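Peer 1: Fold the stuff below for me.
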Amino acid sequence: MRKPELLQPSMNELMTYTAEGKLKLTIGGVHPLEDAAMVHTLLQSRKTKGNLIVEPNR
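Peer 2: Predicted coordinates for the structure are as follows:
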């Protein structure tokens with residue numbers, strides 16, 4: 001990042017929007033860490049909808 005001092009205020013703003021329901025997050029899937037390579041392939045293919053979550057201990 002060219003301006004790291006902007007990261008914290010921006011993240012605070014995003015979290016506030018999320019908490020207030022002004023920003024809706026779409027979870028496209030939750031996968032175990034073992035499937036990280038497959039998740040990366042899905043992201044590269046641009047065929048996913050929403051965010052993909054990789055959990056270390058599922």
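Peer 1: Check the spacing between the residue sitting nearest the centre point of the chain and Pro32 real quick.
Peer 2: For the chain, the residue whose C-alpha lies nearest the mean C-alpha position (Cα atoms, centre = their mean) is Asn51; its distance is 5.1 Å. Between Asn51 and Pro32 the distance is 16 Å, computed by Cβ to Cβ, to the nearest Å. For the C-beta atoms, the positions are set from N, CA and C on the backbone; glycine is no exception.
Peer 1: phi, psi of Arg46?
Peer 2: According to degrees, to the nearest 10, the main-chain angles of Arg46 amount to phi 60, psi 30.
Peer 1: Could I get the buried residue list for the host helix or strand of Thr16?
Peer 2: Here Thr16 sits within helix 7-19, counting by DSSP states H and E. Under the neighbour-count criterion of 16 or more other Cβ atoms under 10 Å, helix 7-19 has nothing buried.
Peer 1: Quick one: mean pLDDT over that helix.
Peer 2: Per-residue pLDDT values over helix 7-19 give a mean of 91.
Peer 1: Kindly report the same for stretch 36-53.
Peer 2: The average pLDDT for stretch 36-53 rounds to 90.
Peer 1: Show residues contacting it.
Peer 2: For stretch 36-53, the surrounding residues in contact (Cβ atoms under 8 Å, 6 or more residues apart in numbering) are Leu25, Thr26, Ile27, Gly28, Gly29, Val30, His31, Val54.
Peer 1: For burial, what's the neighbour tally of the first one?
Peer 2: Leu25 is surrounded by 7 other residues when neighbours are defined as other Cβ atoms under 10 Å.
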